[in-house]
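Visitor: sequence first, then the predicted structure:
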Amino acid sequence: MKAAVLVTVVLALAHAAAPRAAAQVRGDTTGTRDSVTVLEPVRVDAPRIAGDQATAPHARSARLAADLPRGTPALALDDVLRAIPGVQVDNRFNYALGERISIRGAGARAQFGVRGVRVLVDGIPATLPDGQTSLNLVDLTTISRVEVLRGPVASLYGNAAGGAILVETEPPPRAPFGAAAMVAGGSHGLLRTRAAAGGTQGQLAWTASLSRVAYDGYRTHGDAENLYGSARVLWMGERDLVRVAFNAVDYDALNPGSLSDSLLRVDRSAAFRNNVAQRTGESGAQQQGGVQWRHHFGAHELELSGWGIARDLTNPIPARVIVVDRTAGGARLIHRGSLASLAWTAGIEHERQRDDRQNYVNESGSPAALVLDQLERVRGLGTFVQANVTLVPRVSVLGALRHDRTTFHATDRLVSDTDPDDSGSRGMSAVSPSAGVTLELPRAVMLYTNVGTSFETPTTTELANRPDAAGGFNPMLEPQRTISWEVGARRETTGVAAQLAVYRALVRDALIPFEVPDVPGRQFFRNAGRTATAGVEAGVSLEPLRQLRIDAAYTFTDARFRDYVVGEASFEGKRVPGSAPHRSEVTTTWRTPRGWAAIDLRHQARLPVDDANGAWSRAYALADLRAGVDGIEAGQTRFSLFAGVQNLLATEYNASVVVNAFGRRYYEPGPARTFHLGGSVSAR
């Protein structure tokens, strides 16, 4: 009954705004369309969903360049993923760990980076074969489009696909040559600079950029510096598209660590003293490149792509200094076709990963005695097929099936009379089916239902972190498997979009982090027997006036353990830690031909931080203000200015949490009121 009421409310709002919105044109990222002609970019990240994307039976949200929040400090992906239902982005304000992203609870376990959510940037996987994702390669100022698929999508993307985020960077200028520069500064030593150039000559287009971010951090021992470089070349023929992409980053960041409630009351901006003493943080360099070729022939399309990555990092944590030299790569072949009422997609993917890992005893940030030395290899092979059939007018069925085999192999190179050879292999396989039905109703309303599955292997880091301090891989840790049922409705017309989804997911062998007294600050993992998650997601984007846009989202997540025993303790019925039961966001933007202003409001309910639900991170509400001036012209040169205030009311809140942390150090506090100011210049 509640779901039906929500459907009625959301669709009624969309219907009420549609007549006015249909006659309006949305402003773009550099001004209104009254002042500049905007050409839609060529989409190079072809989706894997067979058939018409608009009728796919999935919960999905997309933000085009004109819809993305503007004038933000661009510290983390939460600045891009605002007001998207079902998505929780915890910005730690800590470049050593990165933001934590969860979709319907998937990914909430991550202590650093992203887990359980598949991420692609310009069609190139940012997620490695073992399921871990690092986003410090992504320069947030280059993003021009983002799409989120919510719910298990392993039948589309394989391992670690409890959801998917598809990111596209800005396309080359349509002019023969264009250049742009940007500078922004703000509280806590924030300084961001960027320079970019590009152009289009006939069928060939290119773009390149260099940027730097320096940040002292809100907390002590939180300094960071990132240097980014990227290049894109795009060739567009009559039937072919070739894209070459390259990204690089060199970074160095300190990690202040998490705090207990008692330490928060003393000084919220302080670092944990042991993190300072042990110089915790992460430094490294990463390069990634990829090539994509797509060929159209009749009603068919063939896509062939390959990618490679090189990454080396040094990561001092309180008890250890971890050094990893990583290489990875893969190739993908996809065929898309259609015949009458049938559309299909079929493909094969092969990925490899090689980690040369050493762990040393941490002595004031410097490596001392070697305690682990092993070579880790991961291989992944996935084959998949989808079919979308229109049974009768306005009714379509989408079915998909994927098989994945992921193998892990560790070669122990630290062997002695007292340290046995811990070399070994682990193999993990999964068959991931999904099916959905879409019913198209009048006035662009669509109803859908689906059943989806996902599986998630432990990453090499999680397998190598063994509480018994042995080498090799943890033989007890199993992959997490999910099955989900969902019903939803959406309406998408010019200037207005509304959606609602109600789902229930069952998870077997959920991966749960924990810490032990001997090595505080280092997380280990175990499997919970079974968990269940039920949720409701609602979102609406409206333009009731030509100058006004409103984006709003509400998310309800009820994730609980159904079968989970640790020692003598049973956690049955307890909430899964790390996921907020309620989240709501509203962004309101007012535009004029020469400027804009926006206010962002966000509320998050309190959430549990341990398995026993004995401690909670308290609820909070935040308000941000942003404003800018566009279209200041001098000949062929355009200038823009922007400014903003984050956490306008100086609310004390925890930006993220560390689940089951030792010493009750669960909390990573967010900053009080901060300011930022910037400007950009472009010329063609």
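Guide: Cool, the structure landed.
Visitor: mind listing the strands for the stretch 101-250 of the chain?
Guide: With DSSP state E, counting those that start in this stretch as the criterion, the stretch 101-250 of the chain has strands at 114-115, 118-121, 124-125, 132-133, 143-150, 163-169, 178-186, 190-201, 204-215, 224-236, 240-254.
Visitor: what residues sit buried inside the helix or strand containing residue 544?
Guide: Using DSSP states H and E, residue 544 maps to strand 524-545. In terms of neighbour count (16 or more other CB atoms under 10 Å), strand 524-545 has its buried residues at 524-528, 530-531, 533, 535-544. Bear in mind the C-beta positions are built from the backbone N, C-alpha and C, glycine included.
Visitor: report the beta-bridge partners for residue 591.
Guide: Residue 591 forms beta bridges with residue 596, as assigned by DSSP bridges.
Visitor: burial count for it?
Guide: 22 (other CB atoms under 10 Å).
Visitor: quick check: it vs residue 145, distance?
Guide: Applying CB to CB, to the nearest Å, the value for residue 591 to residue 145 is 19 Å.
Visitor: residue 492: which of the strands of the stretch 101-250 of the chain is closest?
Guide: strand 143-150 (13.0 Å; CB to CB).
Visitor: burial check on residue 268, number of neighbours?
Guide: For residue 268, the count of nearby residues is 18 (other CB under 10 Å).
Visitor: tell me the SS of it?
Guide: coil (DSSP: H, G, I helix; E, B strand; the rest coil).
Visitor: can you name the residues bridging to the residue nearest to it when sequence neighbours are not counted?
Guide: Nearest residue to residue 268 in three dimensions, chain neighbours excluded: residue 669, at 4.5 Å (CB to CB, 6 or more residues apart in numbering). Taking DSSP bridges as the rule, residue 669 bridges to residue 654.
Visitor: wouldn't residue 424 be in contact with residue 471 here?
Guide: No: with contact defined as CB atoms under 8 Å, residue 424 does not reach residue 471; the gap is 9.2 Å.
Visitor: hey, what's in contact with both of the two?
Guide: Residues within reach of residue 424 and of residue 471 at once, by CB atoms under 8 Å, 6 or more residues apart in numbering, are residue 410.
Visitor: tell me which of the two has more neighbours.
Guide: Each of residue 424 and residue 471 has its neighbours counted (other CB under 10 Å); residue 471 has more, 24 against 14.
Visitor: list the residues that contact the more buried one.
Guide: 372-374, 410, 412, 414, 419, 422-423, 464.
Visitor: need the pLDDT of the residue of the chain positioned farthest from its centre.
Guide: Largest separation from the mean C-alpha position in the chain: residue 417, at 45.1 Å (CA atoms, centre = their mean). What the model reports as pLDDT for residue 417 is 82.
Visitor: comparing the strands of the stretch 101-250 of the chain, which comes out most buried?
Guide: Comparing the strands of the stretch 101-250 of the chain by mean neighbour count (mean count of other CB atoms under 10 Å), strand 114-115 ranks first with a mean of 26.
Visitor: returning to that earlier point: please report how far the residue farthest from the centre of the chain lies from residue 369.
Guide: Counting by CB to CB, the gap from residue 417 to residue 369 is 17 Å.
Visitor: then residue 197?
Guide: 49 Å.
Visitor: same question for residue 409.
Guide: Where residue 369 is concerned, residue 409 sits at a distance of 26 Å (CB to CB).
Visitor: understood, closing this out.
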